[in-house]
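Novice: I'd like to go over a predicted model; first the sequence, then the structure.
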Amino acid sequence: MRLFTKARMVCTALVAAGALAACSGAGGTTGSADGGAGTADQPVKLTVWSWDGTVELAVPGFEKANPGIEVEVVNAGSSSDEYQALDNAIQAGSGVPDLVMFEYFAVPYFAIPGKLADLGPLGATELEGDYVPSAWNNVTNDDGIYALPSDYGPAVMFWNEATFAKAGIKEAPATWDEYYEAAKKIRALGPNYYITQDTNDLFFLLSLIWQAGGRPFEVDGTTVHIDFSDEGTQKAVAFWQKMLDEDLVNTKISAWSDDWNRALNDGTLASQNMGGWLTSTLPERAPDAAGDFRVSLMPQWEEGEKVGAENGGSAFGIPEAAANKEAAFKFLEYFTHGEGLQPRVDAGAFVPNTSVLDSTEFRGVKNSYFGDQKTGEVLAEASNIAAVGWQYPPFFEWARSTYADIATPFYTSGEGSLAEVLQTWEQRSVEYGNEQGFTVD
Amino acid sequence: MTSARRRQIGWAFVAPFGILFALVFIVPITYAAYLSLFQDRMVGGRSFVGLDNYGKLFADAQFWDGVSRVVWFTLIQVPIMLVLALALALAMDSMRLRGMRFMRVAIFLPYAVPAIVSTLMWGFMLGVRYGLFGSINGWLGTDLDPFRPSTTLVAIGIMVTWAFTGYNMLIFDSVLKAVPHELYEAAAIDGAGELRVIRAIKLPALRGSLVITIIFSIIGTFQLFNEPQILPSMVANSGITTYYTPNLYAFNLAFTGSQQGYAAALALVMAAFTIAIAYAVQIRGMRNALDQ
């Protein structure tokens, strides 16, 4: 349940970034069945399901440039609710939208059973070089391209410079060893001081594993291999176990709670390793800490290395059952890649397009909340170094809710270990995956 | 009028009920029963599996975990709530209280608060950082937390008791109102005190309604859903799992695990289970009533 709040956070972040959330009623797909461009007399009507409020901002420009196409952006609920609605629509064979928003991990869930159109033949192939590699990796597999990235969550470290200074630390920890030492010093400041919190935050743990080079999920069509025993995974898990064992992590406060806001506000939670999207919500969460926080790359496993990971982000795909695929792709390209991108970026959307990340406007802006730091520079670099090759199993939506069941007893009692939690999770996932018709081992 | 025609008129009178009953009761249950014979898979789609879902369910430790939780909950919460409701109803009926009308409405009011609202309210009240328990811990220097995995169910029990005591009290109260006053007068003439009146007149009069309230309460607690569904979004590590109660499990199976067939089997088994227990209570309650 907590995990899904994260997706919702990304949503609220984007909505709060200044755009209007489209809350009109659900609309069915109408328009010409030939999938052509339509004419001014008989316009093609596109229905877009999105919880990203900035998509709406690209509509006026698009409709002006394409008189034969009308776009309606509908908020069909965020993440799980929307996936369910899409599944139902596909099953019922009516009301299937033309464009749908997905968190990256949900793309395989729809792509592998053939519910998403391959965007390659529609013209997506040539866009590959325009996104950071890992974002592109999220929306493709060996068979095709199933979505285009629309926002991005490179894992970065937000750290409270004032609290770190109080503990006698002047610079952001560059390695996890330094982070561990810093955690001990911050813990010594007082009973409420912790370097960070964790109450079974799966996406954080996975970003740690991801960065350490662990690739616990391997997906090839309907064959899935799950293994938490590779070297990278073990390194990351052992490190975090040590942090938990030595009481260096607050396991009482969960992210997005009221407690969390307060602890960030008063500086007793000194850092957050999260997706870059936190940049836009942190000022609302912790207004009193204005000027104290800085953004840095995640600490590294080896000194001098520069390896990143992801935590969150989303993409848009076209259902195989959509009526107007060509027109849909036109709009998709427009707001994720073409001219519609800039209005969204201006409204606060954080996108993985190299054209934006490399631009001097994006990199040069000083962020007053972060003490006039040029946060865009850090976020762009974190995006570029996000390691590729990570895969999510197609049944990850189920798996993450089960993870909370398994991990909660460990986090509340301290009995057992993170490694055991992952082992149980692996067993359950293998069972479930096989039941669902995949070949999982 | 021929008997055939008379029979037709009879059917016409029953039709409005019959049609509604079929639409909202028989059709959904039949459909659920049909669904429960199939398995939905992400790869391969829907396939007929016969009674496999039922076999799997009876071997599912998570299902039994949820069932045993609501059974324990029922065994403890229902008696406490009904004794409370009974005591309140008897107090109202004693004619010794002032402001009874206000009391009656005030005690009944929580029933009118939607479960979602009341869960949010109690969530804040029992939360440790803000709200009541936060303050208590602050004053006393204690470390009480009603939403630890070991105590979450107790906290839910308090919420449910708060919501439904007034409802049950009202049922008892209306029964007591129907007791003829001559009985009390006769008892008074015979020299019976208040306690004796309660034992000899009021409690026997309440027996039938007690059976009803027990059955309602069992059905209600077996369907526990709102509270455990909402709490995890307010409280971290409350110990509420995706299979905390059978209803929550069915919901999560159907909507997160896309296992509609399995969820349908679970729902039907729970329905049968609930009906069996409610029926047993009724038989037993009625037999005792006849013994009188």
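Specialist: Alright, I've got the coordinates.

Novice: going by C-alpha atoms from here, please, whenever you check contacts or count neighbours.
Specialist: Noted.

Novice: is the residue nearest the centre of chain A in a helix, a strand, or coil?
Specialist: Centroid-nearest residue in chain A, with CA atoms, centre = their mean: residue A:312, separated by 1.3 Å. At residue A:312 the chain is in strand, as set by DSSP: H, G, I helix; E, B strand; the rest coil.

Novice: for it, which non-adjacent residue is closest in space?
Specialist: residue A:153 (4.8 Å; CA to CA, 6 or more residues apart in numbering or on different chains).

Novice: also residue A:365?
Specialist: Nearest residue to residue A:365 in three dimensions, chain neighbours excluded: residue A:374, at 5.6 Å (CA to CA, 6+ apart).

Novice: what do you get for residue A:337?
Specialist: Using CA to CA, 6+ apart, the nearest residue to residue A:337 is residue A:353, at 7.2 Å.

Novice: what residues are up against the one you found?
Specialist: By CA atoms under 8 Å, 6 or more residues apart in numbering or on different chains, the residues touching residue A:353 are A:130, A:131, A:132, A:337.

Novice: contact residues of the stretch 251-400 of chain A facing chain B?
Specialist: Proximity of the stretch 251-400 of chain A to chain B (CA under 8 Å from any CA of the partner chain) is limited to residues A:252, A:253, A:254, A:257, A:259, A:397, A:398.

Novice: which one is the third one nearest to, not counting chain neighbours?
Specialist: For residue A:254, the nearest residue in space outside its immediate sequence neighbours is residue A:199; the separation is 5.4 Å by CA to CA, 6+ apart.

Novice: residues contacting that neighbour?
Specialist: Residue A:199 makes contact with A:251, A:252, A:253, A:254, A:255, A:408, A:411, B:236, B:237, according to CA under 8 Å, 6+ apart.

Novice: got the confidence number for it?
Specialist: pLDDT, residue A:199: 89.

Novice: where does the prediction get shaky in chain B?
Specialist: B:1-2, B:129-130, B:288-292 (pLDDT under 70).

Novice: need the residues of it near chain A, please.
Specialist: Within reach of chain A by CA under 8 Å from any CA, chain B has these residues: B:40-44, B:129, B:148-149, B:232-234, B:236-237, B:239-242, B:255-257.

Novice: and for residue A:352, the neighbour number?
Specialist: With neighbours defined by other CA atoms under 10 Å in any protein chain shown, the count for residue A:352 comes to 28.

Novice: can you tell me how far it is from residue B:255?
Specialist: 31 Å (CA to CA, to the nearest Å).

Novice: so what's the residue count around residue 78?
Specialist: Defaulting to chain A. Residues near residue A:78, counting by other CA under 10 Å: 23.

Novice: I was thinking of chain B, sorry if that wasn't clear
Specialist: So residue B:78, with other CA under 10 Å, has 25 neighbours.

Novice: element containing it?
Specialist: Here residue B:78, judged by DSSP states H and E, is contained in helix B:61-93.

Novice: again, but for residue A:48
Specialist: strand A:44-49.

Novice: ok, residues contacting whatever helix or strand comes next after that strand?
Specialist: Following strand A:44-49 in sequence order, the next helix or strand is helix A:59-65 (DSSP H and E). Contacts to helix A:59-65, defined as CA under 8 Å, 6+ apart, come from residues A:69, A:70, A:71, A:331, A:334, A:340.

Novice: if any of the residues you listed are buried, give me the ChimeraX selection for them.
Specialist: Selection of the buried residues among the contacts of helix A:59-65 in ChimeraX, burial being defined by 16 or more other CA atoms under 10 Å in any protein chain shown:
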select /A:69,70,71,331,334,340
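
Novice: circling back: what's the neighbour count on the residue nearest to residue A:312?
Specialist: 25.

Novice: of the contacts of helix A:59-65, closest to residue B:189?
Specialist: Distances from residue B:189 to the contacts of helix A:59-65, taken as CA to CA, are shortest for residue A:71 (84.4 Å).

Novice: bridged to that closest one, which residues?
Specialist: Taking DSSP bridges, one obtains residue A:46 as the residues bridged to residue A:71.

Novice: state the distance from it to chain B.
Specialist: 29 Å (CA to the nearest CA, to the nearest Å).

Novice: which SSE is residue A:393 in?
Specialist: Per DSSP H and E, residue A:393 falls between elements, in no helix or strand.

Novice: same check on the one 4 residues further on?
Specialist: With elements delineated by DSSP H and E, residue A:397 resides in helix A:396-413, which encompasses its position.

Novice: okay, buried residues for that helix please.
Specialist: By neighbour count on 16+ other CA under 10 Å, the buried set for helix A:396-413 is A:396-412.

Novice: which residues does it contact?
Specialist: A:1, A:3, A:80, A:105-106, A:109, A:199-200, A:202, A:251, A:415-418, A:421, A:424-425, A:429, B:148-149, B:237, B:239-242, B:256-257.

Novice: same question for stretch A:88-104.
Specialist: Contacts of stretch A:88-104 (CA under 8 Å, 6+ apart): A:7, A:27-29, A:46-51, A:79, A:83, A:86, A:115, A:138-139, A:312-319, A:321-325, A:328, A:332.

Novice: so which bits of it are buried?
Specialist: For stretch A:88-104, a neighbour-count test (16+ other CA under 10 Å) marks A:89, A:90, A:95, A:96, A:97, A:98, A:99, A:100, A:101, A:102, A:103, A:104 as buried.

Novice: so what's the residue of chain B found nearest chain A bridging to?
Specialist: Closest contact between chain B and chain A, by CA to the nearest CA, is at residue B:41 (4.4 Å). For residue B:41, the beta-bridge assignment (DSSP bridges) gives partners residue B:45.

Novice: for residue 148, phi and psi?
Specialist: Since you didn't name a chain, this refers to chain A. phi -120, psi 140 (degrees, to the nearest 10).

Novice: um, chain B though
Specialist: For residue B:148, the backbone dihedrals (degrees, to the nearest 10) come out as phi -80, psi 160.

Novice: repeat for residue A:299
Specialist: Here is the backbone geometry of residue A:299 (degrees, to the nearest 10): phi -60, psi 150.
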